[in-house]
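# Fold the stuff below for me.
(3 chains)
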Amino acid sequence: MSRRYLFSPLILLLLLSVFCMVTAITQGSVQLSLGQIFDVLQGQGTSLNQILVWELRVPRILAAFATGGLLAVAGALMQILLRNPLADPYVLGISGGASVAALLAILAGVTGILLSSAAFLGAALSTILVFGLAQGNGRPSPMRLLLTGVVVASGWGAFITLMLALAPPQKIPGMLFWLMGDLSYAHSPWLAWATLLPVCLVLIPLGRSLNVLARGPLQAAALGLNVKQLERFVFVIASLLTAVAVTTAGSIGFVGLVVPHILRLILGNDQRLILPACALAGGCLVTLADTVARTVIAPEQLPVGVITALLGVPTFLFLLRRGRVA
Amino acid sequence: MTLSVADLIIDIPKRSPEPLTFTMQAGQVWGVLGPNGVGKTTLLHTLAGLKMPRKGVLRLNDQDFSCVHRMSLAQQVGIMFQDHQDGFPATVMETALLGRFPHLSPWEMETEQDIKIAQHSIHRLELSSLADRSITQLSGGERQRVALASLLTQNPNIWLVDEPTNHLDLHHQVAVMSLLQEKARETKLVVMSLHDVNVAAHWCSHVILQYPDRPALVGTAESLLTLENLEPLYQQKLVRGEIEGRWVFMPSI
Amino acid sequence: MTTDKQTCFLQLCLGVLAIVMSQSMWAQTDVVRCVEDDKLRQVCVEQAAQRIAALSPGATELIYAAGAGDQVVAVVSYSDYPPEAKQVTSVGSHTRLDLERLVSLKPDLVLAWRTGNPSEQIATLERIGMRVYYVEPHNFDDIADNIVDMAVLAGTEETGKKVALEFLKGIEGLAHTYKNADPVSTFYQVWDEPLMSMNHAHYISKVVELCGGVNVFADSPRLIPRLNQEAILIKNPEAIIAGGMGERNAHWLDKWRAFPELKATQQNNLFFVPPSLIQRPTPRLLEGAKVMCEKLETARQHRG
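Residues are numbered from 1 along each chain as shown, chains lettered A, B, ... in the order given. Just a heads-up that it's a prediction; the model follows:
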């Protein structure tokens, strides 16, 4: 529980993140050596290399990393909130709401910032819907919240199918992007970073409270926690993170479920360690996955969601079998 | 230090319990006795400030509960639950350390001192060999002792303990009750719900007898633990005997 | 119907006239060549584009038709016509472009498919200073215009204009031949599962009209309506024409044989038109239109 105990895994993950990003910058349809990249970073190098690095790779890698971080932290928060390791923003229908709103916006012919805003509103609406319905009369129990989320998510699923059925064929490729999770179209990483960094800062002092909340609302209240207030806050933050992730890169599944799990298996259950570790490890996973997605069968480009699932599932199963390292 | 209630009606769904009035003092060991479902747990939760009463006033050192901040209440009042919610996995050590939560500010990390306190609690409840184990791998009795270790780490002035002897073997029953008695001697107030009237007879200085159909009896264990009071309480014929100078109650079959 | 056909014919004549007239204008603006693309933007080049990227199979066909095949440096998947195009570097599928590869090929003109390419990726290309010409032909004139525009940008006006003119003349010829032909109610099957057709705004519907056919779903509110079999049975078309993605979709027609009361089945008017000739708005559409017209003429002969 000392500071060293917290910081050494984080420093390791930070180094890993730097390694992932550098690897991602060097890899692509056009191979660039470390030397060439160093030149570009210093403002030298050919104009083609400048464009490749600054216009294409760096924005995409930053978007990938931030998206991964957002999703992993959102998943970890949802799991604490529901005290259920199966919870993630996708299960609870938050990203479903974001996708539906985004698809509606596409059908209305809207693009750019308005499209992002629509996705955000969808996520917020879905959050309120799930939380409001689960509240009913009295406290929402985790089970009730989870069930409400699952039902709302399948409702959004039906909406999505309906819209895909009615959409003009030429709009379908653009719509599928929101459902698949794809960084090819990610244009700006800044919203994602501007969300991820402050949220991580806010979560540091909340880490201990979240540790207590993970033990159940009654225990948490007995230890002096304002449970209702914290639960609301966590839900809003998790929705915000999901909405921003979805607006940046569509619905990349699996990251929010698996990254927190793997980290808990390796690092234990202290949220002060797990939450920042999720931001870094989620970022690494999506950055590497996207690097694979854009290079493995180039020039054909894959949606990153396919790779996160292919990488994540076996890793997760392996760790689950091995059990927690004592 | 005192904990007092006046005209307190606890909130049990679909029932109208009789109002309670009593004052508990530091150094006393209180036992709450009554049949199943009479509201022993609800009373403890109400005393811990976790559940609003339907009516009545709770006072901690003459200060109304509603005026005490949640966090400072948690520094004074601690509770061990009957059911242990193990939503997320955690180790024994992490669970024991939870008790330090009310004593630290958000930005503080647990210090060596806090860890020493938790280690001491674990040692005191004979859990040292299990310190790094996940609580999900523990037996019911071990889990019960981990919960007490948390409470010991929290070390509040008022100990509310729901069925402390549940799941425990005889050795650990005695060890746990000795610990609670020791706390009372350190001028803490201990309040526990009990289903075993003999545990109450031996360890408690005061008792509350919660009847389903008439006003509760509140007073010293000595004066209240009689066949006349206990038989209607459990709606069971009892016999009383004396072993090594202690009164023992048994159902008469 | 007759008025429709007349307007169509008139438009064709105007189109031909416009091309012939503008020929002389281009000769004067030799330094900066400007055209208007299908997003109604001015696209200008100082010199003829020498490195052209075609981001849809249709755009590839058009630029080759415009006589600038040798200048094409990048295509996308399924750019299979003309066969030479298969040798050109691919930059991924039209829905998900490998921008790095595209940029590294240093194209000086990008032919983008307005509704087929992801707008975000094209926006990125424009941001880094690429010259983008949007292609989105909806009728015969558009196809001719696209070819001429591309030829202008690529400096192959002569070939482009010749090809465009031939194409329009061919279409005009068909229009003339079938001007007074008996109408044949026609269902054109774009896809099988789900069953799809197209409305009057689609260029395939215009081919049907050109041949004296009547598209039974012309009035559908959606460009590509999704249908069930009942809808076709109710319309009871005289001819059913199947397209599809591959060349061998004859089995699509089999299921209509199960309905002997259907007029098209009764009169043995279940036809197949190679989709590569008709489902891309390119000069090959003329060949497709010829096949379609023959089929509809066969249908007329099947009448008792």
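# quick check, A:Arg60 in a helix?
Yes - with DSSP: H, G, I helix; E, B strand; the rest coil as the criterion, A:Arg60 is located in a helix.
# ok, now how distant is the residue in the stretch 151-300 of chain C positioned nearest to chain B from C:Ile224?
Of all residues in the stretch 151-300 of chain C, C:Pro194 sits closest to chain B, at 45.9 Å by C-beta to the nearest C-beta. Every C-beta, even on glycine, is put in place using the N, C-alpha and C of the backbone. Distance check for C:Pro194 against C:Ile224: by C-beta to C-beta, to the nearest Å, it reads 10 Å.
# who has more neighbours, the two?
Relative neighbour count places C:Ile224 above the other of C:Pro194 and C:Ile224, with 17 against 10, counting by other C-beta atoms under 10 Å in any protein chain shown.
# tell me which element the more buried one is part of?
Under the criterion of DSSP states H and E, C:Ile224 resides outside all helices and strands.
# Using the three-state scheme, assign B:Glu126.
coil.
# now it: how far from chain C?
B:Glu126 sits at a distance of 62 Å from chain C (criterion: C-beta to the nearest C-beta, to the nearest Å).
# what sits against that residue?
B:145, B:172, B:175 (C-beta atoms under 8 Å, 6 or more residues apart in numbering or on different chains).
# So for it, what pLDDT did the model give?
Looking at B:Glu126, its pLDDT is 94.
# can I assume C:Tyr134 sits in a helix?
No - looking at C:Tyr134 with three-state DSSP, it is strand, so not inside a helix.
# tally of neighbours for it?
Taking other C-beta under 10 Å as the definition, C:Tyr134 ends up with a neighbour count of 21.
# I figured it hits C:Val35, correct?
No - in terms of C-beta atoms under 8 Å, C:Tyr134 does not count as a neighbour of C:Val35; the distance is 11.1 Å.
# helices or strands next to the lowest-mean-pLDDT helix or strand in chain A in the packing?
Of all the helices and strands that make up chain A, helix A:172-180 has the lowest average by mean pLDDT, DSSP states H and E, namely a mean of 74. Using 3 or more C-beta pairs under 8 Å, 6 or more residues apart in numbering or on different chains; DSSP states H and E as the contact criterion, the elements in contact with helix A:172-180 are helix A:94-107, helix A:142-166.
# wait, which of those is closest to C:Thr124?
helix A:94-107 (18.3 Å; C-beta to C-beta).
# where along chain C do the strands fall?
Residue ranges of the strands in chain C, as given by DSSP state E, are C:33-36, C:42-45, C:52-54, C:72-74, C:92-93, C:96-97, C:109-113, C:132-135, C:184-189, C:195-196, C:213-215, C:226-227, C:239-242, C:270-272.
# Actually, the stretch 151-253 of chain B.
Under the criterion DSSP state E, counting those that start in this stretch, the stretch 151-253 of chain B carries strands at the ranges B:158-162, B:189-193, B:206-209, B:217-220, B:238-243, B:246-251.
# export these to TSV and tack on mean neighbour count?
Supplementary listing: these in TSV, determined by neighbours: other C-beta atoms under 10 Å in any protein chain shown:
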stretch	mean neighbour count
strand B:158-162	24
strand B:189-193	25
strand B:206-209	23
strand B:217-220	15
strand B:238-243	11
strand B:246-251	14
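# that older thread, who's in contact with the least confident helix or strand of chain A?
Counting by C-beta under 8 Å, 6+ apart, A:99, A:102-103, A:106-107, A:119, A:160, A:163-164, A:167, A:184-185, A:246, A:250-251, A:303, A:305-306, C:95, C:116, C:118-119 sit against helix A:172-180.
# For ChimeraX, write a command that selects the buried ones of the residues you listed.
In ChimeraX, this line selects whichever of the contacts of helix A:172-180 come out buried by 16 or more other C-beta atoms under 10 Å in any protein chain shown:
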select /A:99,102,103,106,119,160,163,167,184,185,246,250,251,303,305,306 /C:95,116,118
